[in-house]
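[1] 3D model of this:
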Amino acid sequence: MDLNSVKKTGLLLMAISAVLLLEVTVASAQNAPVGTTLEKANQTIQSALRVDLTRDFATLPLHRGTARGETVWFVITDVSNARIARRLGINHSPKLRNVQNQCGGCAQVVRSSSRILGQSPVEFQGAPDFSPSRTLAPGPTGFPPQSFSEGARARPGYSPFVRIEATRAVYNAPIVATGDGPFDVTTHTNTHDRTLGIDTQGMTTDHLFIRGFANGKSILYLSFDSSDAFTATLERSTFVPALTDLAFANGGGHASSARASIFTFVNAKTGLERSPGPLGAGSGPGRAQGLVHALKDGLPNFDAAVANPDVLEGFRRGADVSNIFDVFPTNRRARDRREYSPAWDLQVGVYSRAAVARGLNGLKTDANVVRRMAARGLVTSPGGVPLGSANVVINCPALAFLTSRPVAPRIP
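    Predicted coordinates:
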């Protein structure tokens with residue numbers, strides 16, 4: 001990580017703290033016991049072959065490419081073009097067309113003989129380096145951490161957002177593995193830290209998802225990249241510092257921005273669900289979310305792998321951060337659907353002392369509720385300033401909803 005990135009991450013952590021080798025070459029889904037599988041009708045990424053609620057992974061189509069002579073493997077989750085989105089069975093995100101606005105490094109231009117990504121081999125400009133060892137030591141109260149080091153970093157030229165040369169559509173196409181195998185899906189030396197399995201013959205990959213919320217409903221989303229080193233470490237994603245310049249901070253609600261708003265908390269209530277509902281955490285009465293919770297309850301320094309079932313069970317019981325999407329691809333209003341972007345502008349909320357004393361720091365599931373609390377001064381950004389962007393971008397595509405589709409309107 002460069003010096004500026006270190007400084008930015010350090011300042012963010014200081015502000016928040018002030019208020020407080022198993023090698024596998026086949027997909028793990030083939031080896032996992034049969035469990036609860038989400039209905040296809042609940043998926044926003046229709047190309048996902050399976051959404052498994054027992055071990056919290058989605059089986060996605062895998063695509064092959066190269067980056068500077070190295071074999072790479074990637075998935076496709078979103079695109080700015082509606083016709084291509086329907087054809088590929090992925091999310092439509094009009095805001096992705098703004099990725100390259102005043103940010104040359106926020107999207108990489110790739111080469112392919114096809115005008116639609118994934119239909120023929122792709123030559124990328126750069127790829128992640130998955131070889132670093134991810135570490136995360138919680139602090140005395142969980143957050144802030146004592147120390148951390150991200151498990152994957154962008155090499156020069158890499159961004160998950162890509163455009164084929166001489167075309168206009170922008171895709172979300174994160175690379176999840178490098179090399180020709182065998183693939184390490186336990187300590188993730190050549191795979192993404194959320195990759196549970198790779199099948200290069202069947203061309204599928206299993207990716208650990210996150211349980212979260214949108215418009216008061218329980219949702220599932222994927223996590224691939226972050227512009228911030230600590231966030232990348234906590235969410236087990238790839239550190240891509242170039243995304244810091246993605247247009248633009250506090251861009252939620254603005255059609256000219258590539259970002260939509262996402263909310264997390266520092267000092268929300270903690271604790272795992274003892275008895276998750278039939279669909280797992282988020283379908284039961286869980287009350288925990290946020291940064292302190294994830295560091296205290298989420299086995300943060302253990303690798304996410306089939307070989308570590310306690311970690312996967314922790315996620316099923318609600319150990320992840322459980323962020324809140326501002327909008328979702330299933331929203332009733334067209335303008336809210338157009339607001340959806342996998343490039344989320346992170347807003348870090350801190351409950352006031354009064355809110356904590358009144359027990360108001362329980363689970364939040366609707367961004368409109370968070371904004372109303374912020375307007376009353378019950379939630380602020382770190383340091384007591386009004387709630388707003390931390391200028392941290394996280395690449396988290398919508399995957400599915402659990403029981404009821406989010407439809408409610410976004411209220412600025």
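[2] do you know how far the residue most central in space within the chain is from residue 231?
    In the chain, the residue lying closest to the centroid (C-alpha atoms, centre = their mean) is residue 223, at 2.4 Å. Shown here: residue 223 relative to residue 231, a distance of 10 Å by C-beta to C-beta, to the nearest Å. Using the backbone N, CA and C atoms, a C-beta is placed for each residue, glycine as well.
[3] Could you tell me which residues touch both of these two?
    In terms of C-beta atoms under 8 Å, 6 or more residues apart in numbering, residue 223 and residue 231 are both contacted by the residues 237, 394.
[4] The residue nearest to the centre of the chain should be in a strand, yeah?
    No. Per DSSP: H, G, I helix; E, B strand; the rest coil, residue 223 lies outside any strand segment and is coil.
[5] Quick check, it in contact with residue 236.
    Yes. Using C-beta atoms under 8 Å, residue 223 is in contact with residue 236, at 7.1 Å.
[6] what sits in contact with each of those two?
    In contact with both residue 223 and residue 236: residue 194, using C-beta under 8 Å, 6+ apart.
[7] Now residue 348: which helix or strand?
    Here residue 348 sits within strand 343-351, counting by DSSP states H and E.
[8] That strand pairs with which strands, and in what direction?
    According to DSSP bridges, strand 343-351 forms sheet pairs with strand 260-265 (parallel), strand 379-380 (antiparallel), strand 389-395 (antiparallel).
[9] now, of those strands, which is deepest in the fold?
    Highest mean neighbour count among the strands paired with strand 343-351 (mean count of other C-beta atoms under 10 Å): strand 260-265, with a mean of 26.
[10] After that one, which helix or strand is next?
    helix 291-297.
[11] Now that following helix - C-alpha only, CSV.
    Taking C-alpha atoms only, helix 291-297 is exported to CSV below (Å, rounded to 0.1, in the frame of the first residue of the first chain):
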residue,chain,number,x,y,z
LEU,A,291,-17.6,-3.0,13.0
VAL,A,292,-17.3,-3.8,16.7
HIS,A,293,-19.6,-6.7,16.1
ALA,A,294,-17.7,-8.1,13.2
LEU,A,295,-14.4,-7.9,15.0
LYS,A,296,-15.7,-9.3,18.3
ASP,A,297,-18.0,-12.1,17.0
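[12] C-terminal to it, what's the next element?
    helix 309-316.
[13] what mean pLDDT does that following helix have?
    Model confidence over helix 309-316, given as mean pLDDT, is 92.
[14] ditto for stretch 263-279
    87.
[15] Likewise for stretch 372-391?
    Here the average pLDDT along stretch 372-391 is 98.
[16] List the buried residues in that stretch.
    373, 374, 378, 379, 380, 381, 382, 387, 388, 389, 390, 391 (16 or more other C-beta atoms under 10 Å).
[17] Can you name the two of the residues you listed that sit furthest apart?
    Across the buried residues of stretch 372-391, the longest distance by C-beta to C-beta is 23.0 Å; it joins 378 and 391.
[18] end to end, how far does stretch 303-312 reach?
    10 Å (C-alpha to C-alpha, to the nearest Å).
[19] ugh, wrong one, I meant stretch 98-117
    End residues of stretch 98-117 are separated by 18 Å (C-alpha to C-alpha).
[20] Same question for stretch 146-166.
    47 Å.
[21] helix or strand right after the helix or strand of the chain with the lowest mean pLDDT?
    Lowest on mean pLDDT, DSSP states H and E among the helices and strands of the chain sits helix 3-18, with a mean of 53. Next helix or strand after helix 3-18 toward the C-terminus (DSSP H and E): strand 50-52.
[22] what packs against that following strand?
    Contact here means 3 or more C-beta pairs under 8 Å, 6 or more residues apart in numbering; DSSP states H and E; on that basis strand 50-52 packs against strand 57-61.
[23] where does this structure dip in pLDDT?
    For the chain, the stretches flagged by pLDDT under 70 are 1-35, 283-286.
[24] Quickly list what residue 129 is bridged to.
    Applying DSSP bridges to residue 129, the residues it is bridged with are residue 153.
[25] I figured it hits residue 151, correct?
    No. With contacts counted by C-beta under 8 Å, residue 129 stays clear of residue 151, the gap being 9.9 Å.
[26] In terms of packing, which of these two has more residues around it?
    residue 151 (27 against 16; other C-beta atoms under 10 Å).
[27] so what's the more buried one up against?
    130, 132, 133, 134, 188, 193, 233, 236.
[28] Wait, a strand at it?
    No. Applying three-state DSSP, one finds residue 151 to be coil, outside a strand.
[29] Next, count neighbours for the residue nearest to it when sequence neighbours are not counted.
    Ranked by C-beta to C-beta, 6 or more residues apart in numbering and with sequence neighbours excluded, the top spatial neighbour of residue 151 is residue 134, at 2.8 Å. Here the number of neighbours of residue 134 (other C-beta under 10 Å) works out to 21.
[30] Would you check how far apart residue 115 and residue 401 are?
    32 Å.
[31] right, and residue 36 touches residue 55 too?
    No. Checked against C-beta under 8 Å, the pair residue 36 and residue 55 is beyond contact range at 10.0 Å.
[32] If you count surrounding residues, which of these two has more?
    The neighbour count for residue 36 versus residue 55, taken as other C-beta under 10 Å, is higher for residue 55 (20 against 11).
[33] so the more buried one sits right up against residue 314, yeah?
    No. If you go by C-beta under 8 Å, residue 55 and residue 314 don't touch, sitting 11.5 Å apart.
[34] which residues of the stretch 101-250 of the chain fall in helices?
    With helices called from DSSP state H, counting those that start in this stretch, the stretch 101-250 of the chain shows them at 229-234.
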